[in-house]
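In: structure for the following, please:
(chains A and B)
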Amino acid sequence: MTERQDISGWEFAEPEVRATGRARGLLRNALRVRRTQVGLVITALVVGLAVVGPFLAPYSETEFVGRPLAQNAPGTLFGTDYLGRDVFSRLLNGGVSVLILAVLCTLLGVGVGLLVALVAGYGRGWVDELLMRISDVLLAFPAIVLALLFLAIWGPEPWAIVLTVGAGHVPRVARVLRAAVLDVSSLDYVRSAEAMGLRRWSIRFGDLLPNVTGPLMVEAGLRLTYSVALVAGLGFLGLSGLEADQADWGLMINENRTGLTVQPWAVLLPVLAIGLLTIGTNLVADGIARAAAGIERRADR
Amino acid sequence: MTIGRVVVRRLAAGVLTLLVVSGVVFAAGLLLPGDAARAVLGRTATPERLEALRQQMHLDDPPLGRYWSWIGDLATGNLGDSVITQQPVTQLIGERATNSVLLMVLAALVATPLSILLGTWSALRRDRLADHATSLGTLVLASLPEFVTGVVLLFLFSTVVFRWFPAVTDATRPVLEQPAVLVLPTVTLVLAVSPYITRMMRATMLEVLDSEYVHQARLKGVPERTVLLRHALPNSIGPVAQVVALQLAWLAGGIVLVETLFAYPGIGEGIFQAVDNRDIPTLQALVMLVAAFYVVVNLLADVIGVLANPRLRAGAR
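Out: Residues are numbered from 1 along each chain as shown, chains lettered A, B, ... in the order given. Here you go, the predicted structure:
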């Protein structure tokens, strides 16, 4: 509740300035936490690998370079996959799709979740009731089951993956942020903004949003972690949203896992990449949560 | 209001939620591009087969009527027929449901005491090396997708490094005849849910250890062991029980990837098969089953939360 103290009644005239200041201050504090630093380095390494990788790959992702599942195929660093393609080149090529899809899922889920929270938490009445009941229904599906139901129907198109995984995030994000909005909306400066006759939407974005940046950023970090896990998990189930022979970390695990004994690299490298990425983003999220004191890490996902 | 009323109200809300969920699941089937029969049979199907399947799935009836007969069937335990194998879905579910419940119960039975011990130990060693190690370890484990943990376990204990446990389940034999196949999927699930329970246990324990009645007991000269077992532990179980229930609910989705990875014949693997075959009616039935489990366990978590929280208990009266 330290937030209450530094908000004097006079500051509400300049919410934008305060908003950027607060978010920046939070990030600066988060950067002082050791695990945020480690998390950022790990994340940057994996993201760098995924983004620069396609330009460094010695072979194309579809080129056959040796016999299938060979650990020491000549001219390759980590051998060949189940069809005889270069594992290292496919690793370098297979991260972009996971990253892009995961980021889009996060943006959609957190964005819509935030809107729902702002409407429900500061509108109250029947709108709040309706929105929260709808999210209760969506919460009755584990995220992956909801995604699978709709992907089976629409087919594993990239847009369908973004839509289903993102939609799975919405009720979870909305629930957390609504609680944060509710906390803030009874504070004096919101009351005075109301008294000044500000429009509800300008109060939502001008006064409420800047004061829930802490939970918002933590939620974004968490959702990014879960998005990577879900998108890669769908790839692992064969639903990657790509053309048949394109590389994808989740798909690589699926394709090569029967050959785990003879050619472990083809499975271990993508597993390592996904694992490191989720560890990195989760460390960052945890660092931000610690910096924004008063935000408890939750026990559900 | 008494606690009984609260429970009844939550129960009613749960039933209502399930009813709406069934609407969503049914409506999802209507979203199929083209029609369900073509989705199942593919482009090469003959008009006669298409027509036969449409008849079987009652695709020519109006949607609302189909919904009512579907939901009526569901409520009476008739989950329809698989359009791929033509067998009743209930027959498919029977053994799979038992297998999945076995796996989830095992995971919960291992994870709960383990996490309570680890969380308590971590709280007692607050800010020392053990505490920091537990904190970081649980954070890392909580980040890892369950199939990543599973593949690493496969690599370590079933294929490359050691060959202690089988990598896949022999689906032709009952699971209980081959108990070794349970080990790796169970460990994977335990590693997926324990971090959350451990963290909650640690946080709750710290709070309780800092409470006045624990200070009082210590000042009175009660031995530390008794303080812990008599006063601290029972009071921190409530919130932890709630997290355990939430994690159990999470398992309902977690089993999809884990069972698929270990070819374990459960509901999760059944969902994967249904998605793979585009067997929409089976998928709808399985999704309803998972949602029902999820709603029931969440309800349980809610009730435990109310029962365990003195403030909520007081407020509920």
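
In: burial of the residue in chain A that chain B sits nearest to, as a residue count?
Out: Here chain A gets closest to chain B at one residue, residue A:142, 2.4 Å apart by CB to the nearest CB. The C-beta positions use only the backbone N, C-alpha and C, and glycine is treated the same way. Neighbours of residue A:142 under the rule other CB atoms under 10 Å in any protein chain shown: 25.

In: give the contact list for it.
Out: By CB atoms under 8 Å, 6 or more residues apart in numbering or on different chains, residue A:142 lies in contact with B:249-250, B:252-254, B:256, B:290, B:294.

In: how about the biggest helix by length in chain B, does it reach chain A?
Out: Secondary structure of chain B per DSSP state H: the longest helix is helix B:89-124. No: applying CB under 8 Å from any CB of the partner chain, one finds helix B:89-124 out of contact with chain A, separated by at least 11.0 Å.

In: which phi and psi does residue B:165 have?
Out: With angles defined as degrees, to the nearest 10, residue B:165 sits at phi -120, psi 150.

In: neighbour-wise, which of the contacts of residue A:142 leads?
Out: Going by other CB under 10 Å, residue B:256 tops the contacts of residue A:142 with 28 neighbours.

In: pull the distance from the host helix or strand of residue A:150 to the chain's centre.
Out: Per DSSP states H and E: residue A:150 is located in helix A:143-154. The chain centre lies 18 Å from the centre of helix A:143-154; the measure is CA atoms, centre = their mean, to the nearest Å.

In: please apply the same query to stretch A:146-164.
Out: That offset, for stretch A:146-164, works out to 17 Å (CA atoms, centre = their mean).

In: over to stretch B:12-24?
Out: Distance, centroid of stretch B:12-24 to centroid of chain: 18 Å (CA atoms, centre = their mean).

In: can you check stretch B:249-264 too?
Out: Computed by CA atoms, centre = their mean, the chain-centroid distance of stretch B:249-264 equals 9 Å.

In: neighbours around the spatially closest residue to residue A:47 that is not a sequence neighbour, how many?
Out: Once flanking residues are discounted, residue A:47 sits nearest to residue A:99: 6.5 Å by CB to CB, 6 or more residues apart in numbering or on different chains. Per other CB under 10 Å, the neighbour tally for residue A:99 reads 19.

In: any idea of the pLDDT on residue A:99?
Out: For residue A:99, the pLDDT comes out at 94.

In: just residue A:42 next, same as before
Out: Per-residue confidence for residue A:42 comes out at a pLDDT of 95.

In: report the buried residues of the helix or strand where it lies.
Out: Using DSSP H and E, residue A:42 maps to helix A:34-56. Residues A:35-36, A:38-40, A:42-43, A:46-47, A:49-50, A:53-54 are the ones in helix A:34-56 that count as buried (16 or more other CB atoms under 10 Å in any protein chain shown).

In: count the residues that sit near residue 271.
Out: I'll assume chain A. 27.

In: hmm, I had chain B in mind actually
Out: Using other CB under 10 Å, residue B:271 is surrounded by 28 other residues.

In: quick check, the helix or strand where it lies touching chain A?
Out: Taking DSSP H and E as the criterion, the element that holds residue B:271 is helix B:267-277. Yes: applying CB under 8 Å from any CB, one finds helix B:267-277 in contact with chain A at B:271-272, B:274-276.

In: just the CA trace of that helix, in CSV.
Out: Listed in CSV are the C-alpha atoms of helix B:267-277, where the atom choice follows Å, rounded to 0.1, in the frame of the first residue of the first chain:
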residue,chain,number,x,y,z
ILE,B,267,-8.1,-39.4,-21.5
GLY,B,268,-5.4,-36.9,-22.5
GLU,B,269,-4.0,-39.3,-25.1
GLY,B,270,-7.6,-39.9,-26.2
ILE,B,271,-8.0,-36.2,-26.8
PHE,B,272,-4.9,-36.1,-28.9
GLN,B,273,-6.1,-39.1,-30.9
ALA,B,274,-9.5,-37.4,-31.5
VAL,B,275,-7.8,-34.2,-32.6
ASP,B,276,-5.5,-36.1,-34.9
ASN,B,277,-8.4,-38.1,-36.5
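
In: report the angle between that helix and helix B:89-124.
Out: Angle, helix B:267-277 to helix B:89-124, by axes from the mean of the first three to the mean of the last three CA atoms, to 10 degrees: 130 degrees.

In: the helix or strand following helix B:267-277 to helix A:143-154, inter-axis angle?
Out: As assigned by DSSP H and E, the chain's next helix or strand after helix B:267-277 is helix B:280-308. In terms of direction (the same axes, to 10 degrees), helix B:280-308 departs from helix A:143-154 by 160 degrees.

In: flag the shaky bits of the chain, pLDDT-wise.
Out: No chain in the question, so chain A it is. A:1-22, A:124, A:293-301 (pLDDT under 70).

In: chain B was what I was after
Out: Counting by pLDDT under 70, the ranges of chain B that qualify are B:1-3, B:33-36, B:38-40, B:42-43, B:308-317.

In: which residue packs closest to the residue of it found nearest chain A, ignoring adjacent ones?
Out: Nearest residue of chain B to chain A (CB to the nearest CB) works out as residue B:253 at 2.4 Å. Leaving out its chain neighbours, the residue that sits closest to residue B:253 by CB to CB, 6+ apart is residue A:142, at 2.4 Å.

In: residue A:254 now?
Out: Nearest residue to residue A:254 in three dimensions, chain neighbours excluded: residue A:236, at 5.0 Å (CB to CB, 6+ apart).

In: give me the element residue A:279 is part of.
Out: helix A:265-291.

In: could you check whether that helix is close to chain B?
Out: Yes: against chain B, helix A:265-291 shows contacts by CB under 8 Å from any CB at A:267-268, A:271, A:274-275, A:278-279, A:281-283, A:286.

In: ok, residues contacting stretch B:145-164?
Out: Against stretch B:145-164 from outside (CB under 8 Å, 6+ apart): A:228-230, A:232-233, A:236, A:253, A:257, A:260-261, A:264, A:267-268, A:271, A:274-275, A:278, B:141, B:165-167, B:184-185, B:187-189, B:191-192, B:254, B:257-258, B:261-262.

In: may I see the ChimeraX selection of the buried members of those residues?
Out: For anyone working in ChimeraX, the buried entries among these, judged by 16+ other CB under 10 Å, can be selected with:
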select /A:228,229,230,232,233,236,253,257,260,264,267,268,271,274,275,278 /B:141,165,166,167,184,185,187,188,189,191,192,254,257,258,261,262
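
In: can you pull the contacts of the residue of chain A most remote from its centre?
Out: For chain A, the largest distance from the centre (CA atoms, centre = their mean) belongs to residue A:74, which lies 38.6 Å off. By CB under 8 Å, 6+ apart, residue A:74 lies in contact with residue A:66.

In: how much space separates it from residue A:86?
Out: Remark: distance between residue A:74 and residue A:86 (CB to CB, to the nearest Å) = 11 Å.
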